[in-house]
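Q: structure here, sequence nowhere to be found:
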């Protein structure tokens, strides 16, 4: 797991970069428990999933792509405010050492 600024220019948490749908569902379930969140909108596509959630008054996306793995980023993308990025950093600190997130 790592926190990066991606090539598009916004902050993102890379949870795992190579996995399958089953790992995403496990991660989503455990992230919900760890952060006390609920997913407010779910977009499920052929090879990608985008699940929106609110954490500390900021909106984030838990994303899965068969080629890129699982990540979390601001729903605003590159237009994320410094406050959004600070909250994303808090999310990273809360989950980075969690053995429960993936249970692998």
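A: Alright, I've got the coordinates. For clarity, every value in this text was computed on a predicted model and none was experimentally measured. Numbering: from 1, shown residues only.
Q: show me where the chain dips below the pLDDT cut-off.
A: Scanning the chain with the threshold set as pLDDT under 70 gives 103-104.
Q: what are the boundaries of the helices in it?
A: With DSSP state H as the criterion, the chain has helices at 21-35, 82-95.
Q: could you dump the ones you listed into JSON lines and include mean neighbour count and distance to residue 59?
A: C-betas here are computed from N, CA, C, even on glycine. As requested, the helices of the chain are exported to JSON lines (neighbours: other CB atoms under 10 Å; distance: least, CB to CB, whole Å):
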{"stretch": "helix 21-35", "mean neighbour count": "16", "distance to residue 59": "13"}
{"stretch": "helix 82-95", "mean neighbour count": "16", "distance to residue 59": "8"}
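Q: quick one: neighbours of the closest residue to residue 10 other than its chain neighbours, just the number.
A: In this structure, residue 10 finds its nearest non-sequential neighbour in residue 78, 4.4 Å apart by CB to CB, 6 or more residues apart in numbering. Using other CB atoms under 10 Å, residue 78 has 12 neighbouring residues.
Q: looks like residue 78 contacts residue 5 (just checking).
A: No. Applying CB atoms under 8 Å, one finds residue 78 not in contact with residue 5, separated by 9.8 Å.
Q: between these two, which contacts overlap?
A: Taking CB atoms under 8 Å, 6 or more residues apart in numbering as the contact rule, residue 78 and residue 5 have no neighbour in common.
Q: still on that earlier bit, next one: the residue nearest to residue 10 from residue 15, what distance?
A: As judged by CB to CB, to the nearest Å, residue 78 and residue 15 stand 20 Å apart.
Q: next one: residue 99
A: Distance, residue 99 to residue 15, by CB to CB: 13 Å.
Q: between those two, who's got more neighbours?
A: The neighbour count for residue 99 versus residue 15, taken as other CB under 10 Å, is higher for residue 15 (24 against 8).
Q: cool, thanks, talk later.
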